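*Asks:* What shape does this take:
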Amino acid sequence: MSKDRLNRLTAITWIEELIHHPYSGGDALLPHHSEVLDAILYCISDSEEQICIVAERTNANLISLVRDTKGDFQLAPLLETLTDKLMTKDDVPTKMASLR
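*Replies:* You can find the predicted model right below:
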């Protein structure tokens, strides 16, 4: 396993764990949803299948988190991130995840 691949896999795995963390996940992530989404969408089209699988699962977890959030949060940053990925990425997996 290359160091670069290990770094990418570790990063997306940490993001997945962070979403469910009892103290720093959930509503505590509200101010950072767009940054988390950007990192996830970056990994969805990775050349390594294992990274893509973790990114897809993490994206589904973030969608559930946003959908079930009881607190107020800014929707505009999320929409900006999604729009940016739709307009600038050429790969189908990222575009499909952005439309979900």
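
*Asks:* what separates the residue positioned nearest the centre of the chain from residue 51, distance-wise?
*Replies:* In the chain, the centroid-proximal residue (CA atoms, centre = their mean) is residue 40; its distance is 2.8 Å. From residue 40 over to residue 51 the distance is 11 Å, taken as CB to CB, to the nearest Å. The C-beta positions use only the backbone N, C-alpha and C, and glycine is treated the same way.

*Asks:* Next, show the common contact partners of the two.
*Replies:* Residues touching both residue 40 and residue 51 (CB atoms under 8 Å, 6 or more residues apart in numbering) are residue 12.

*Asks:* Low-confidence regions, this structure specifically.
*Replies:* Residue ranges of the chain with pLDDT under 70: 1.

*Asks:* Break down it into its strands, ranges please.
*Replies:* In the chain, no segments count as strands under DSSP state E.

*Asks:* mind listing the helices in it by residue range?
*Replies:* For the chain, helices defined by DSSP state H occupy the ranges 3-20, 33-44, 49-68, 76-88, 92-99.

*Asks:* Buried ones in stretch 10-21, by neighbour count?
*Replies:* By 16 or more other CB atoms under 10 Å, the buried positions in stretch 10-21 come out as 12, 13, 15, 16, 18, 19.

*Asks:* and of those, the nearest to residue 57?
*Replies:* residue 16 (6.6 Å; CB to CB).

*Asks:* Report the separation between the closest one and residue 53.
*Replies:* Counting by CB to CB, the gap from residue 16 to residue 53 is 11 Å.
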